[in-house]
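>>> Build me a model:
(chains A and B)
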Amino acid sequence: NAGVTQTPKFQVLKTGQSMTLQCAQDMNHNSMYWYRQDPGMGLRLIYYSASEGTTDKGEVPNGYNVSRLNKREFSLRLESAAPSQTSVYFCASSALPGFDNQPQHFGDGTRLSIL
Amino acid sequence: KNQVEQSPQSLIILEGKNCTLQCNYTVSPFSNLRWYKQDTGRGPVSLTIMTFSENTKSNGRYTATLDADTKQSSLHITASQLSDSASYICVVSAKGSTLGRLYFGRGTQLTVWP
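Numbers count the residues shown, from 1 in each chain, chains lettered A, B, ... in the order given. Modelled structure (predicted):
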């Protein structure tokens, strides 16, 4: 049972390049999320998708776009990478919208460095 | 301002010893509080989730307590093992908040020495 799978695991980009981080879950969850984790800071929400076909901005959406391709997949795109976007990116999913008694399941992250 | 503060920032203990991690929050109105364990290089994994009416919840050697009146939670680890070395993250959600709005603490880095 894979859970939440993120690709790639590592990536190095040059400033101004674009790339898409992929995320897929096999738990039939409705809601999916993208977070970034920086040293000394808590996880910060970039975008989320309550259900297939919907997406909404989180706490730090600037410089990112997302696509909920289908129920399983939720991608994060950096259109023009900046050094400030160097971070570890986590995708997560949960069964239903809302958080009462529902854990989020996280992938193992994509470590992104922008030079 | 909704915030989650964890202490200590880091902690070193010997294998077999017990320890307690603290979480104070100002999130209101409170919905639930969860503790996650994050191993180095991995994503967070849920340990416990507690709602307002629950004041203790266990998961094996992990026991979380919640005092909603003082807005404090603790995570107690019993008979620590080397595999307990990880970052422990406290997360609080607010009732009625828009989907996706969780308040994350910065974590306590626990190191267990043999």
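>>> Quick check: most distant residue from the centroid of chain B.
Distance from the C-alpha centroid of chain B, by CA atoms, centre = their mean, peaks at B:Pro114 (23.5 Å).
>>> Identify the residues contacting that residue.
Taking CB atoms under 8 Å, 6 or more residues apart in numbering or on different chains, we find B:Pro114 in contact with B:14-15, B:82. C-beta coordinates here come from the backbone N, C-alpha and C atoms, glycine included.
>>> The same query, at a cut-off of 7 Å, please.
B:15, B:82 (CB atoms under 7 Å, 6 or more residues apart in numbering or on different chains).
>>> Let me see the confidence value for B:Thr98.
At B:Thr98, the pLDDT value in this model is 57.
>>> partners of A:Val4 in the sheet?
With DSSP bridges as the criterion, A:Val4 is bridged to A:Gln25.
>>> Sorry, slip of the keys, the one I care about is B:Gln22.
Counting by DSSP bridges, the residues bridging with B:Gln22 are B:Ser7, B:Ser74.
>>> what's it in contact with, if anything?
B:6-7, B:74.
>>> From these, pick the one nearest chain A.
Checking the contacts of B:Gln22 against chain A with CB to the nearest CB, the nearest one is B:Gln6 at 8.9 Å.
>>> what's the nearest residue to that closest one if we skip its chain neighbours?
Distances taken as CB to CB, 6 or more residues apart in numbering or on different chains place B:Gly105 nearest to B:Gln6, at 4.0 Å, with adjacent residues excluded.
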